[in-house]
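Enquirer: Okay, sequence plus prediction incoming.
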Amino acid sequence: MEVVVGEPTRVQTLAEKNPTQVPPEYIQAPENRPQIKIPTTADDTSSTVPVIDLFGFDPDHWGDVRRELGQACKEWGAFQVTNHGVPIHLLHRMRSVGLSFFKDSPMSHKLSYACPPGSAASEGYGSRMLVSTSNDTVLDWRDYFDHHTLPLSRRNPSRWPDFPPNYREVVVEYSDCMKALAQKLLAFMSESLGLPSSCIEDAVGDFYQNITVSYYPPCPQPELTLGLQSHSDMGAITLLIQDDVGGLQVLKDGEWVMVQPLSDAIVVILADQTEIITNGNYRSAQHRAIANANKARLSVATFHDPAKTMKISPASALVTESFPPRYCQTVYGEYVSSWYTKGPEGKRNIDALML
């Protein structure tokens with residue numbers, strides 16, 4: 001996951017050559033390699049993140065939803081939601097246009113949207129996200145397309161694919177629906193801590209939203225590499241949908257737990273700034289994506305972050321003499337720069353801010 005001068009090799013291009021081995025730059029250190037397990041049953045869900053029914057935000061269920069959500073935020077930092085109010089057909093369409101871009105567009109078309117080499121977090125088609133001066137950075141087994149979608153001043157659909165023809169229209173609609181859901185979830189999180197419903201969102205400020213479609217091609221040696229290395233997200237809240245292949249894992253009590261694919265569900269992942277704002281009452285989720293030997297996998301992650309100039313610190317209502325602040329104040333832009341320069345190294349950058 002580093003940006004290098006010149007056009008990087010695309011993982012999809014490597015995979016289409018049907019290699020028998022993973023190139024050395026994709027091989028993880030032994031301690032970071034996944035333990036690929038064969039499920040004993042097709043529907044083994046004995047260990048997975050919580051699934052919370054939002055009941056379409058019916059007020060009659062708000063008390064139960066807040067309680068379940070608060071428990072999941074405290075114990076996991078990640079959960080899935082159903083009956084979330086986002087049209088199911090829109091989830092399917094978003095997955096469909098994303099997959100079509102990677103599978104049906106010629107490479108020349110994809111490269112016309114390539115991220116500028118040497119630039120971190122650029123909008124467009126890419127494979128390597130971090131800026132690093134190290135030649136031994138281990139790369140992820142994935143390609144991606146990153147869209148800058150909010151605020152509206154950043155949204156320029158002409159920089160997004162025009163194939164399939166409805167691609168841009170779908171991304172715009174999906175962006176707006178994800179923002180609305182993120183706002184509702186942050187309100188429930190605030191209320192579950194006894195705070196005003198707007199507390200966390202007010203601390204975050206206007207959302208800077210990115211939508212990243214990730215494509216993980218089949219991998220000849222999935223036990224040696226990762227689709228996406230272990231990390232916690234930098235911002236406030238991430239909303240993710242995935243296909244039926246599976247591969248997203250969340251770290252819980254030292255064990256990697258698979259997030260079982262549910263076609264109508266949305267995965268909610270708490271990010272570092274929400275942990276800071278809640279003064280550690282809620283924890284950001286360390287997660288990763290594993291590769292698959294036989295099938296390509298697709299996911300769509302929607303990140304909701306503060307502006308780079310925002311100063312983030314624990315909410316005053318959650319700081320007391322008996323529960324002092326656990327984190328230093330941070331300027332979000334500086335936090336982001338650190339992440340893109342050093343990389344997550346399989347850890348949570350937020351740990352460096354703990355008092």
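Expert: Looks like it came in fine.
Enquirer: Show the pLDDT at residue 262.
Expert: In this prediction, residue 262 carries a pLDDT score of 97.
Enquirer: My error: substitute residue 355 in the last question.
Expert: Listed pLDDT for residue 355 reads 76.
Enquirer: Tell me if I'm right that residue 224 and residue 28 touch.
Expert: Yes - taking contacts as Cβ atoms under 8 Å, residue 224 lies within contact range of residue 28: 6.5 Å. Yep, even glycine has a C-beta here, placed from its N, CA and C like the rest.
Enquirer: Pull up the overlap in contacts between the two.
Expert: The contact sets of residue 224 and residue 28 do not overlap (Cβ atoms under 8 Å, 6 or more residues apart in numbering).
Enquirer: List the contacts of residue 178.
Expert: So residue 178 contacts 86, 209, 211, 239, 302, 304 (Cβ under 8 Å, 6+ apart).
Enquirer: could you redo the last one with a cut-off of 10 Å?
Expert: 86, 90, 94, 149-150, 207, 209, 211, 237-241, 266, 300-304 (Cβ atoms under 10 Å, 6 or more residues apart in numbering).
Enquirer: quick one: it and residue 304, what's the gap?
Expert: 8 Å (Cβ to Cβ, to the nearest Å).
Enquirer: Next, show the common contact partners of the two.
Expert: Residues within reach of residue 178 and of residue 304 at once, by Cβ under 10 Å, 6+ apart, are 150, 207, 209, 237-239.
Enquirer: out of the residues you listed, who's nearest residue 280?
Expert: residue 237 (16.3 Å; Cβ to Cβ).
Enquirer: Just the buried ones from the contacts of residue 178?
Expert: Neighbour-count burial (16 or more other Cβ atoms under 10 Å) applied to the contacts of residue 178 gives 86, 94, 149-150, 207, 209, 211, 237-241, 266, 300-304.
Enquirer: who's residue 311 bridged to?
Expert: Beta-bridge partners for residue 311, by DSSP bridges, are residue 331.
Enquirer: pretty sure it contacts residue 332?
Expert: Yes - using Cβ atoms under 10 Å, residue 311 makes contact with residue 332 at a distance of 7.7 Å.
Enquirer: quick one: the residue most central in space within the chain and residue 253, what's the gap?
Expert: For the chain, the residue whose C-alpha lies nearest the mean C-alpha position (Cα atoms, centre = their mean) is residue 301; its distance is 4.7 Å. Residue 301 is 24 Å from residue 253, where distance means Cβ to Cβ.
Enquirer: List the ones among the shared contacts of residue 178 and residue 304 that fall in strands.
Expert: Among the shared contacts of residue 178 and residue 304, the members found in strands (DSSP state E) are 150, 209, 237-239.
Enquirer: any chance of those residues in TSV, with pLDDT and distance to residue 316 too?
Expert: Shown next, in TSV, are those (pLDDT from 0 to 100; distance: Cβ to Cβ, whole Å):
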residue	pLDDT	distance to residue 316
150	98	27
209	98	27
237	98	21
238	98	26
239	99	28
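Enquirer: And the strands in the stretch 1-150 of the chain, which stretches?
Expert: Secondary structure of the stretch 1-150 of the chain (DSSP state E, counting those that start in this stretch): strands at 2-3, 51-53, 78-82, 124-126, 130-131, 143-150.
Enquirer: Which one of those strands lies nearest to residue 11?
Expert: Taking Cβ to Cβ, strand 143-150 is the member of the strands of the stretch 1-150 of the chain nearest to residue 11, at 5.2 Å.
Enquirer: wait, is residue 187 part of a helix?
Expert: Yes - looking at residue 187 with DSSP: H, G, I helix; E, B strand; the rest coil, it is inside a helix.
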